[in-house]
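> From the sequence below, what's the structure:
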Amino acid sequence: MATILPSPPRVGMVSLGCPKALVDSERILTKLRADGYQMSPDYAGADVVLVNTCGFLDSAKEESLEAIGEAIAENGRVVVTGCMGNQADVIRARFPSVLAVTGPQQYDAVVAAVHEAAPPVPNAYLDLVPSANVGPGIKLTPRHYSYLKISEGCNHRCAFCIIPSIRGDLVSRRPDAILREAEKLVAAGTKELLVISQDTSAYGVDLKFAAWPWKPRNAEPIPNEPTSVRAHMTDLARELGRLRTPEGETPWVRLHYVYPYPHVDSVIPLMAEGLVLPYLDIPFQHASPKILKAMRRPANEAKVLERIAAWRRECPDIAIRSSFVVGFPGETEADFDYLLQWLEEAQLDRVGAFRFEPVQGAAANALPDPVPEEVKEERYAQVMELTARISADKLTAKVGRTIDVLIDAVDAEEGGATGRSKADAPEIDGEVHLRDAGHLSPGDIARVVIEESDEHDLFGALA
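Next comes the predicted model:
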């Protein structure tokens, strides 16, 4: 007689915000899957819906509230977690029917809330699911790239930011734990590791850069190489670059959210050696010394330009992406002109810009001389126009070159494919569009001849 298994409860997930929040969502779903839950791709099939919120800006909070409202309207049984979970009173005032509200990184609390809302079904067959500590767990990204979170929180107190009040001070993970996770991800098919945190270059400060035993199992042995690794950005990047895919290839390692500390200079040789992608994501935020001081950011912008030039001398292919805030309180025309001149000289490869937006609890809200909204819009447009021209010139210079491209999507019917170069992070940078490439698969790394370009993307064919 056939054994009829009970139907396990199903969980839907809406994940908002940055990649760090996406990693939180993956961890929550991995634990729930280990507890026997199934995932639902839609509201209708879910016994409970999780909404992982973002609370960085007021506009992000409003988006989170809209997502909660949609989940309640479509399903009715909603558990809220994430950065906006710290404002449970705001959420409950608008949506009193939410089942539970938990804050960021409160994995046990949110799992407990799901257990209460939709209790797991004990079953000897379903309970044989491996625990959340085995394998890479559930991923919300494509198989071929993965976000690797190395720390939580931040020690900085930037005037426009409330992240420390939401996620706390810096708490770094042990390097051996990070590397074991990376090993599992690479063994499971990850071709690109995207290293993320709130401040990647501060990694290990709280651990006093202590060392832990580590001898990677799938890396090439190096004579006289130490069998331990420090909790330090440089050491971690080097060890990540020594990992190998099942095919014996070096995975791409991309560094995000790097604060320009002096020791960042020591990562550039790793890029020149090919252990780490020649890519730095550094949120400079502004260039005017006066505005940087008001933001509580480092204000030695001339030194930064010298360092960028030195990085390019050592690693000519390095791509630098950054983000800037326009319309910060007290920003004059002179401050903004200074920023435009700095951008012209820096010639950054990828730039994002944001109009200053007051955030509840941020110190910048109390600063004098707010910038009118129409002026913010004008300055935003000028920054985007300038940086688009710089980007177009830089991409034009790549026409005729042959580069590596990691394939993200394939249109077999049309015969084309879309991927990214080493200078492009997923979803925030440009893409490389290929013709006559319908036989490729996502995760392939192809050699591509660049034939055309525009302001943001490249176009080419297989070499």
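
> in stretch 255-267, what's buried?
Within stretch 255-267, the residues that count as buried by 16 or more other Cβ atoms under 10 Å are 255, 256, 257, 258, 259, 260, 264, 267. Any C-beta I mention is one placed from the backbone N, CA and C, and that applies to glycine too.

> repeat for stretch 371-385
371, 375, 376, 379, 380, 382, 383.

> Which pLDDT does the model give the spatially closest residue to residue 234 that is not a sequence neighbour?
Nearest residue to residue 234 in three dimensions, chain neighbours excluded: residue 266, at 4.8 Å (Cβ to Cβ, 6 or more residues apart in numbering). For residue 266, the model assigns a pLDDT of 95.

> Double-check that residue 266 belongs to a strand.
No. Counting by DSSP: H, G, I helix; E, B strand; the rest coil, residue 266 is located in no strand; its state is helix.

> separation between it and residue 91?
44 Å (Cβ to Cβ, to the nearest Å).

> do residue 290 as well
38 Å.

> What of residue 107?
Taking Cβ to Cβ, one finds residue 107 at 19 Å from residue 91.

> just to revisit the earlier point, show me the buried residues of stretch 371-385 that map onto helices.
Residues of the buried residues of stretch 371-385 located in helices (DSSP state H): 375, 376, 379, 380, 382, 383.

> Out of the residues you listed, flag the one nearest to residue 243.
Here the nearest of these to residue 243, counting by Cβ to Cβ, is residue 383; it sits at 37.8 Å.

> so who does residue 310 touch?
Contacts for residue 310 (Cβ atoms under 8 Å, 6 or more residues apart in numbering) come out as residue 265.

> Can you point out the helix or strand that includes it?
helix 301-314 (DSSP states H and E).

> what residue ranges in the protein are flagged as low confidence?
1-6, 122-136, 216-226, 298-302 (pLDDT under 70).

> Among residue 290 and residue 91, which residue is more densely surrounded?
More neighbours surround residue 91 than the other of residue 290 and residue 91, with 22 against 16 (other Cβ atoms under 10 Å).

> roughly how far apart are the more buried one and residue 103?
11 Å.

> okay, and the common contacts of those two?
residue 85.

> Residue 237: neighbour count?
22.

> If you drop the residues flanking it in sequence, what lies closest to residue 207?
residue 231 (4.2 Å).

> Please disregard the earlier target; I meant residue 214.
residue 229 (4.2 Å).

> Please point out which parts of the one helix or strand the one you found maps to sit buried.
Per DSSP H and E, residue 229 falls inside strand 228-230. Across strand 228-230, burial judged by 16+ other Cβ under 10 Å covers 229, 230.

> what's the answer for stretch 81-99, then?
81, 82, 83, 84, 85, 86, 87, 90, 91, 95, 98, 99.

> picking up where we left off before, any chance of the buried residues of stretch 371-385 in a markdown table, with distance to residue 198 too?
Listed next are the buried residues of stretch 371-385 as a markdown table, based on distance: Cβ to Cβ, whole Å:
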| residue | distance to residue 198 |
| --- | --- |
| 371 | 26 |
| 375 | 30 |
| 376 | 25 |
| 379 | 26 |
| 380 | 24 |
| 382 | 29 |
| 383 | 24 |
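
> Out of those, the closest to residue 449 would be?
residue 383 (32.5 Å).

> Name all residues that make contact with the closest residue to the closest one other than its chain neighbours.
Once flanking residues are discounted, residue 383 sits nearest to residue 353: 4.5 Å by Cβ to Cβ, 6+ apart. For residue 353, the contacting residues are 323, 324, 325, 326, 380, 383, 384, 387, by Cβ under 8 Å, 6+ apart.

> In helices, which of the buried residues of stretch 81-99 fall?
90, 91.

> correct me, but residue 100 touches residue 115?
No. Applying Cβ atoms under 8 Å as the test, residue 100 and residue 115 come out as separate, 10.4 Å apart.

> could you show me where the strands are in the stretch 301-450 of the chain, in order?
Per DSSP state E, counting those that start in this stretch, the stretch 301-450 of the chain carries strands over the ranges 319-326, 350-355, 402-411, 416-420, 432-435, 445-453.

> For residue 100 and residue 115, work out which one has more neighbours and name it.
The neighbour comparison of residue 100 against residue 115 (other Cβ under 10 Å) goes to residue 100, with 19 against 15.

> quick one: that one from residue 283, how far?
33 Å.

> circling back to that earlier point, now tabulate the contacts of residue 353 in TSV and tack on distance to residue 74.
Converted to TSV, those look like this (distance: Cβ to Cβ, whole Å):
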residue	distance to residue 74
323	34
324	38
325	35
326	37
380	34
383	38
384	36
387	39
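
> so which of the residues you listed comes closest to residue 295?
Closest to residue 295, out of all of the contacts of residue 353 and judged by Cβ to Cβ, is residue 325, at 7.5 Å.

> what sits against that closest one?
By Cβ under 8 Å, 6+ apart, the contact set of residue 325 is 160, 285, 286, 295, 353, 354, 355, 356.

> nearest to residue 421, of the residues you listed?
Scanning the contacts of residue 325 for proximity to residue 421, where the rule is Cβ to Cβ, the winner is residue 353, at 22.4 Å.

> What residues are bridge-paired with that closest one?
residue 324 (DSSP bridges).

> Okay, it and residue 64: tell me how far apart.
23 Å.

> for residue 425, same thing?
For residue 425, the distance to residue 64 - Cβ to Cβ - is 24 Å.

> Compare the two (neighbour count), which wins?
Neighbour comparison, residue 425 and residue 64: the larger count goes to residue 64, with 26 against 22 (by other Cβ under 10 Å).

> in the stretch 101-250 of the chain, which spans are strands?
145-149, 151-152, 171-172, 192-196, 211-213, 228-230.

> Name the surrounding residues that touch the last one.
Outside strand 228-230, the residues within contact range by Cβ under 8 Å, 6+ apart are 175-176, 179, 204, 209-214, 235-236, 239.

> Kindly report the same for the fifth one.
Outside of strand 211-213, the residues that reach it under the criterion Cβ under 8 Å, 6+ apart are 174, 175, 176, 227, 228, 229, 230, 231.

> Surely the second one touches residue 235?
Yes. At 6.9 Å, residue 175 and residue 235 qualify as touching, with contact defined as Cβ under 8 Å.

> Between the two, which has more neighbouring residues?
More crowded of residue 175 and residue 235, by other Cβ under 10 Å: residue 175, with 26 against 20.

> returning to that earlier point: from the ones in helices among the buried residues of stretch 371-385, which is closest to residue 335?
Of these, the one sitting nearest to residue 335 (Cβ to Cβ) turns out to be residue 379, at 9.9 Å.

> Can you pull the domain assignment for the protein?
Following automatic domain parsing, the chain resolves into domains at 10-128, 145-396, 402-462.
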